[in-house]
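> coords below, sequence missing:
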């Protein structure tokens, strides 16, 4: 990948430089040609005007008889040497001028080929004329023509100057050479820059590729290690965040898988015993191994008890599964917490009386509005009170106490039973975890997990404090109260 990206960057830089070179070369050619032509034409025009003025004055002096042709011939040779150009003087008949007659050898014997129209243009013009003003670097010469006037202002001659511009070609080649050297230097620098940029890009890319490859192989505790403050760094940070989320999701999935395995193991264990007992009882009855009606009734009662136990187990499992499902909605409305507690006490009055247990409600029993599901809240307190009655010694009290906890109402459910060891206390909300005792023979180990799920759904903080032989106390701290207007009063 390193070479591919480097080659692509070099290719891109090369194409850009090539286009830039073509554009600069074209602009250089046009601007150089225009500038050079202007300079040469301006210089040659100045010489032409100066020479034309000299010829006009000499002509006027010659016609006035104040000079001879010898001086003009010497001047003409001097001008040709100094101006480094060829000079022609043409008359109106488009022929070389014979002025003065004895100085004719000072002029070229023949006019430039194809200059007839140009000479005619000079005679018809009052200014400087340039033959083919669109001068390019490859032209070999430049011709300028100016009219020569007599004293009356009439055009008597056409003066032509031609200068060879070979040095312009040399200047053009030198300029192109310098331009090519600059472009080649820029190309070398662009290659170096492409390599440096590609390395700058490729190093973090390789780090991110290694991190993503490890993530693809299931190793989510990885980091790219890229700390750049640019788009590449932002991408690396997103990959790191994705790695953290995948790690968290993987851990959650592992915990869920372990929980599922434990769940199915517990369900199998909880159902295996009653099913085995039920099957054994049925085999005894079907095989006719017993005939005593009292024994038959005892077997039937045991079968009914096992069936009820499995029914409760399945019902509690379904209940717990619904409560743990985030899509399962409970009906939230404003209810009076005191009404829920009083109805729960009435519901469990009979099993409490069977053990001579008095369930009392004390503390601030004024109406306390909470948002919740009335039936679920009653189920929550039924589970806690039923456990308190179940594990209490006969004749001992079960106390429900309402207190204030920083503006929030707290409800404590306390019994004076056998208590829970510190080792067992951390597992009381685990599914299928229950004490193996005669007082809990029919328990499924799902009551407290259901209670915890109901508490979580209502935003209730549920905690437990217990010690062996000292009893157990569950404390529920409710959210802040809602508007108490319109709530029915508790009947005590």
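Ah, there it is. Predicted model only: the values in this text are computed from it and were never measured.
> residue ranges of the strands in the stretch 101-250 of the chain, please?
129-131, 141-149, 155-164 (DSSP state E, counting those that start in this stretch).
> could these be laid out in JSON lines, adding mean pLDDT and distance to residue 342?
No exception for glycine: its C-beta is placed from N, CA and C like everyone else's. Putting the strands of the stretch 101-250 of the chain into JSON lines (pLDDT from 0 to 100; distance: least, CB to CB, whole Å) gives the following:
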{"stretch": "strand 129-131", "mean pLDDT": "78", "distance to residue 342": "119"}
{"stretch": "strand 141-149", "mean pLDDT": "84", "distance to residue 342": "120"}
{"stretch": "strand 155-164", "mean pLDDT": "83", "distance to residue 342": "123"}
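> can you redo these as JSON lines with distance to residue 461?
Formatted as JSON lines, those follow (distance: least, CB to CB, whole Å):
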{"stretch": "strand 129-131", "distance to residue 461": "102"}
{"stretch": "strand 141-149", "distance to residue 461": "102"}
{"stretch": "strand 155-164", "distance to residue 461": "106"}
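> And those: which comes nearest residue 93?
Nearest of the strands of the stretch 101-250 of the chain to residue 93, taken as CB to CB: strand 155-164 at 10.9 Å.
> Can you tell me the strand partners of that closest one and which way each runs?
strand 86-90 (antiparallel), strand 141-149 (antiparallel) (DSSP bridges).
> between the ones you listed, which gets nearest to residue 26?
Nearest to residue 26, of the strands paired with strand 155-164 and by CB to CB, is strand 141-149 at 22.8 Å.
> Run through who's touching that closest one.
With CB atoms under 8 Å, 6 or more residues apart in numbering as the test, strand 141-149 has contacts from 37, 40-41, 44-45, 48-49, 52, 55-56, 59, 89, 112, 115, 118-119, 121-123, 125-132, 135, 155-165.
> Enumerate the positions of it that are buried.
Under the neighbour-count criterion of 16 or more other CB atoms under 10 Å, strand 141-149 has 141, 142, 143, 144, 145, 146, 147, 148, 149 buried.
> Poorly predicted segments of the stretch 151-300 of the chain, please.
165-172, 259, 262-263, 265-267, 269-270, 273 (pLDDT under 70).
> show me what contacts residue 13?
Residue 13 neighbours (CB under 8 Å, 6+ apart): 187, 190, 191, 193, 194.
> quick one: which of those residues is nearest residue 207?
residue 194 (20.9 Å).
> List the residues that contact the closest one.
Neighbours of residue 194 in contact, by CB under 8 Å, 6+ apart: 6, 9, 10, 12, 13.
> need the contact list for the fourth one.
So that's residue 12. residue 194 are the contacts of residue 12 under CB under 8 Å, 6+ apart.
> any idea how far residue 19 is from it?
Distance check for residue 12 against residue 19: by CB to CB, to the nearest Å, it reads 11 Å.
> before we move on, what about the third one?
With distances taken as CB to CB, residue 10 is found 15 Å from residue 19.
> Compare these two (neighbour count), which wins?
Between residue 10 and residue 19, counting by other CB atoms under 10 Å, residue 10 is the more crowded of the two (18 against 10).
> sorry, back to before: take the contacts of residue 194 and lay them out in CSV including pLDDT, secondary structure and distance to residue 368.
Converted to CSV, the contacts of residue 194 look like this (pLDDT from 0 to 100; DSSP: H, G, I helix; E, B strand; the rest coil; distance: CB to CB, whole Å):
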residue, pLDDT, secondary structure, distance to residue 368
6, 69, helix, 73
9, 70, helix, 72
10, 72, helix, 77
12, 77, helix, 73
13, 73, helix, 76
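> Just the closest of those to residue 430, please.
Once CB to CB is applied, the member of the contacts of residue 194 that ends up nearest residue 430 is residue 6, at 59.3 Å.
> Give me the distance between residue 120 and residue 391.
Applying CB to CB to residue 120 and residue 391 gives a distance of 134 Å.
> should've said residue 342
23 Å.
> mind listing what residue 476 touches?
Residue 476 sits in contact with 380, 410, 411, 412, 413, 455, 460, 461, 462, where contact means CB under 8 Å, 6+ apart.
> how about a cut-off of 10 Å?
Each residue near residue 476 by CB atoms under 10 Å, 6 or more residues apart in numbering is listed here: 337, 377, 380-381, 384, 409-413, 451, 455, 458, 460-463.
> Burial check on residue 313, number of neighbours?
Using other CB under 10 Å: residue 313 sits among 19 other residues.
> moving C-terminal of the helix or strand it falls within, what's the next helix or strand?
Element membership for residue 313 (DSSP states H and E) is helix 293-324. Downstream of helix 293-324, the first helix or strand assigned by DSSP H and E is strand 333-336.
> quick one, the host helix or strand of residue 54 and strand 141-149 angle?
Secondary structure assignment for residue 54, by DSSP H and E: helix 2-63. Helix 2-63 runs at 30 degrees relative to strand 141-149, counting by axes from the mean of the first three to the mean of the last three CA atoms, to 10 degrees.
> what would the strands paired with strand 155-164 look like in JSON lines with distance to residue 371?
Shown next, in JSON lines, are the strands paired with strand 155-164 (distance: least, CB to CB, whole Å):
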{"stretch": "strand 86-90", "distance to residue 371": "112"}
{"stretch": "strand 141-149", "distance to residue 371": "101"}
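> Let me know which of those strands is the nearest to residue 354.
Here strand 141-149 is closest among these (CB to CB), at 131.2 Å.
> gap between the closest one and the chain center?
Distance of strand 141-149 from the chain centroid (CA atoms, centre = their mean, to the nearest Å) equals 72 Å.
> ditto for stretch 372-392
Counting by CA atoms, centre = their mean, stretch 372-392 comes out at 51 Å from the chain centroid.
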